[in-house]
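Engineer: sequence plus the predicted model coming up.
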Amino acid sequence: MGRVPVNNTMHVQKMLVVCMAMISTAAQGVWSTDPATQSTDVSNICGQNITIGRAVVSAVNLSFTPKLKAALDAATQGDYNTACEEIASYYSKGNSSPWWRLPPVVPGNQTAGGWADKLVFHDVFDLHGVNEVAKIPRNADGGFDWFDKGPRNDPEFMNCLNRHDSFTDLLHAWNKTGNPIYVNYFDALVADWVLHLPCNHAGEDLKPCAPYGCPGCHADSNCTWNLDGHQACNTGTMESPWRSLEAGIRTSGPWAPAFFGFQQAAEFSVSSRVLMLLALAEHNSVLVTDGGHPGHGTPNWEMTQWRGLLTTCIAFPELQNSSALLETALAQLLNLMDEGVYPDGIETEQASGYDMDTARDFFSVLVVASKAPQKDVHIPQAFFDRVEAMYNYGTMVSDPLACLPRNGDTDRCGKGFYSDAAEFFHRSDWLYVHTNGAEGTPPDSLSTMFPWGGQAVMRNGIDRQSTWCWFDVGPYGSSGHAHRDKLTMMVHAFGSVLIVDSGRFAYQGTDLSATLHREYSHNTEAHNTLTIDGTQQESSPPVAKAPVANTSWAFGVNGTDSAVGTMTKYAGLQGFGSHTRAVHFDHAGNWFVVVDTIATDRPRVIGATWHCHPNASVDVVAPKDQRLPGGVLIGGVESATGRPTAAQMAIIPAAGGVENHFNATSPQVIKGQVKNSTVWWQGWYSQDYDDAWAAPAISYTTSIAARSPNAVQGGPAAVFAWLLVPTAERDGSVIQRCSLRVVAVSASTATVAVTINASYTRTLDIDITPTA
């Protein structure tokens, strides 16, 4: 840490001047329409502007406690300046929401460094949600442009800017140093945001009002700050600082801890304190209304919405209607848990990153509710059980390096284990899995089927070098965060990623990553599964109506795991076509057999794709019989660093039996293919939000008849099979020493012969019965 440079101090002082100018101008601005609106006592904004003063005292239930009587008396007499002083004093001298209040902070003049200093001295914001660090432009009046969409013109940038992670950075910096520059900047941010972005109660005609400090805004009326509780905020577009997701993130996240954390700071002005309370009351109005249609967002969106309302009602019971709103929030949360989370703990969106974000939200409901001063906050046991199931999923589905599978819109190495949840639920088995057996107690099984979400996790050990496979046999998902990727799989082994998912890219914007999100990441060929006639899987069904049949999977039987699933819905596919995939994993031998069967009423073109990390080496090994497709050796990559490892995955197509074969020209290794009039996007990878890397995609294709000559009555039209062999070291001869052939096929069974290292041959009967 160091002392504050003189020029940087001047930067903070300049922002304070801007903030005070805005507050002063508010007395003469869009809220004061005649001389009677201005008070003679102007020590805070309520005295400067009666419209705001009235809004503040209307937002707070001044009869909530006798400790607010002085504020009530002043408000009754029309002395809004004093009323706001008393409201601010109630919070600063009181002890409400003690879990968010800080111990005494020792004054100092050191700087904290890091993001807080970049913010305070340079107006540079760290926007975690879009992986952007950017200087935010200011308006003509000196305030920030809270509608800025960043360098890529991405509305998600604006959304993340308005989530106010900066509040947390500033609070931590002040708590660490005691330097008032961080409080001053926070105080200015609060006033700037609230004064520029009032909740625009547009009315039934949806005509927007003009917020203060919005140069060039054209609107039909001035903002009145009337909190009628019926109209949500409207800023003209779906992407808005006031959409319920951002409102829920602010209220369930940084706002309450910052408000109470800064209470002992003298630099936290009365004006900004009461403006924050006014805005929190506006948030309650938004969250309970949500555009007039509560409960119609995605599950994670709705979770954030109602958790935000619950948090505000518990932390600020003094706000109007908090008791009734608390009941509404609880009822919605219980309903959301019942409808949005399966009994096995998987959130219905089918994106593990969003699943665990929602788990954190639900868990915080338990934590916050346990601290509520209200006596009627009752959480039923079923809610506790479902939250526990979500964390069980997060821990047990993760790979040996504690990374979540990248299904749906999920970035690299999402977190599934949380020590606070493990302690809360007394689950030492989660600790055992997370620490690779170093701590805790072993679970009943390491391999796990989550039957409602339809996710199979196969593994042969607990240490970091063990092999892990994730296999999808579940429904599509309940929101746009899901991908059309049923029957896809991922394999990690020896501390390396081997077969990977393509990722999510960027939701919006104009760059390559945003284009790939729209046109590639959700497509079936962007995943490790088959396509039929080049069609995409349908985005259906959104949710499971029942768990997968327990006859379709078996784990831990004679040292093996197996599971089977079927996809029957393809958008635009003429006639009937379905794909069934069975995966069999031998723990001790550390190899997989994958059997793909196609049922169809007409000839088809079948495509198969396997995806690799951008830094993975890919070597195609020609077979002895040149009429057959080649095998592939994929080099391993360390996920955290992107460095190649010594590990390897051999993918060996079956040959020499009754199976069908892909074209002899297969496979093609496609990397960074750009769409044109003849080809579509292929071979791309997104590690984190808003990046895009060319990556090897291994593509096999062939044509099949309606029924193959080898098909039996009632059996599939075509059978393809693969032997997958991960090894700790690179070994180019593994494809010559290992082989797979399909010996026989019936309607329910594929009999295969597996040869490993040219010396061990085993015959297996693999269940290929199509599932519902």
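Structural biologist: Received it, and whenever you're ready, just let me know what you need. On a predicted model such as this, the values are computed, not experimentally measured, just so you know. Residues are numbered from 1 along each chain as shown.
Engineer: go ahead and confirm Gly454 touches Tyr476.
Structural biologist: No: counting by CB atoms under 8 Å, Gly454 does not reach Tyr476; the two are 10.1 Å apart. For every residue, glycine as well, the C-beta is placed using N, CA and C.
Engineer: okay, now Asp625: neighbour count?
Structural biologist: Residues lying near Asp625 (other CB atoms under 10 Å) number 11.
Engineer: ok, Ala549 next?
Structural biologist: By other CB under 10 Å, neighbour count at Ala549 equals 12.
Engineer: output the below-cut-off pLDDT ranges for the protein.
Structural biologist: 1-42, 199-239, 290-298, 374-376, 707-715 (pLDDT under 70).
Engineer: kindly recompute the last result at 80.
Structural biologist: 1-42, 197-240, 242-243, 286, 289-300, 373-376, 706-715, 772 (pLDDT under 80).
Engineer: just want the most central residue of it.
Structural biologist: Tyr354 (3.4 Å; CA atoms, centre = their mean).
Engineer: helix, strand or coil for the residue nearest to that residue when sequence neighbours are not counted?
Structural biologist: In space, and not counting its chain neighbours, Tyr354 is closest to Asn300: 4.7 Å by CB to CB, 6 or more residues apart in numbering. At Asn300, secondary structure determined by DSSP: H, G, I helix; E, B strand; the rest coil is helix.
Engineer: the one 4 residues further on too?
Structural biologist: Under three-state DSSP, Thr304 falls in the helix class.
Engineer: the residue nearest to the centre of the chain and Gly408: what is the separation?
Structural biologist: 7 Å (CB to CB, to the nearest Å).
Engineer: between the two, which contacts overlap?
Structural biologist: When CB atoms under 8 Å, 6 or more residues apart in numbering defines a contact, the residues bordering Tyr354 and Gly408 alike are His481.
Engineer: number of residues surrounding Pro644?
Structural biologist: That count, for Pro644 with other CB under 10 Å as the rule, works out to 16.
Engineer: ok, the residue nearest to Tyr354 - how many residues close by?
Structural biologist: Asn300: 26 neighbours (other CB under 10 Å).
Engineer: wait, what's in contact with it?
Structural biologist: Per CB under 8 Å, 6+ apart, neighbours of Asn300: Glu347, Glu349, Tyr354, Asp357, Thr358, Asp361, Ser479, His481.
Engineer: torsion angles phi and psi at the fifth one?
Structural biologist: The one in question is Thr358. phi -70, psi -40 (degrees, to the nearest 10).
Engineer: contacting residues around Pro629?
Structural biologist: Pro623, Pro653, His661, Phe662, Asn663, Ala664, Thr665, Ser666, Pro667, Tyr700.
Engineer: can you redo those residues as JSON lines with neighbour count, secondary structure and distance to Thr168?
Structural biologist: Shown next, in JSON lines, are the contacts of Pro629 (neighbours: other CB atoms under 10 Å; DSSP: H, G, I helix; E, B strand; the rest coil; distance: CB to CB, whole Å):
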{"residue": "Pro623", "neighbour count": "19", "secondary structure": "coil", "distance to Thr168": "58"}
{"residue": "Pro653", "neighbour count": "25", "secondary structure": "strand", "distance to Thr168": "52"}
{"residue": "His661", "neighbour count": "19", "secondary structure": "coil", "distance to Thr168": "58"}
{"residue": "Phe662", "neighbour count": "20", "secondary structure": "coil", "distance to Thr168": "53"}
{"residue": "Asn663", "neighbour count": "14", "secondary structure": "coil", "distance to Thr168": "56"}
{"residue": "Ala664", "neighbour count": "14", "secondary structure": "coil", "distance to Thr168": "59"}
{"residue": "Thr665", "neighbour count": "11", "secondary structure": "coil", "distance to Thr168": "56"}
{"residue": "Ser666", "neighbour count": "20", "secondary structure": "coil", "distance to Thr168": "52"}
{"residue": "Pro667", "neighbour count": "23", "secondary structure": "coil", "distance to Thr168": "48"}
{"residue": "Tyr700", "neighbour count": "24", "secondary structure": "strand", "distance to Thr168": "49"}
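Engineer: make a markdown table from the residues you listed and add distance to Trp693 to it.
Structural biologist: Formatted as a markdown table, those follow (distance: CB to CB, whole Å):
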| residue | distance to Trp693 |
| --- | --- |
| Pro623 | 30 |
| Pro653 | 27 |
| His661 | 32 |
| Phe662 | 27 |
| Asn663 | 28 |
| Ala664 | 30 |
| Thr665 | 26 |
| Ser666 | 24 |
| Pro667 | 20 |
| Tyr700 | 23 |
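Engineer: now, which of the residues you listed sits nearest Ala554?
Structural biologist: Nearest to Ala554 among the contacts of Pro629 is Pro653, at 25.3 Å by CB to CB.
Engineer: tell me the spacing between the closest residue to the closest one other than its chain neighbours and Phe505.
Structural biologist: Leaving aside its sequence neighbours, Pro653 sits nearest to Pro629 (CB to CB, 6+ apart; 5.2 Å). According to CB to CB, Pro629 stands 30 Å off from Phe505.
Engineer: equivalent analysis for Gly477, please.
Structural biologist: Using CB to CB, Gly477 is found at 17 Å from Phe505.
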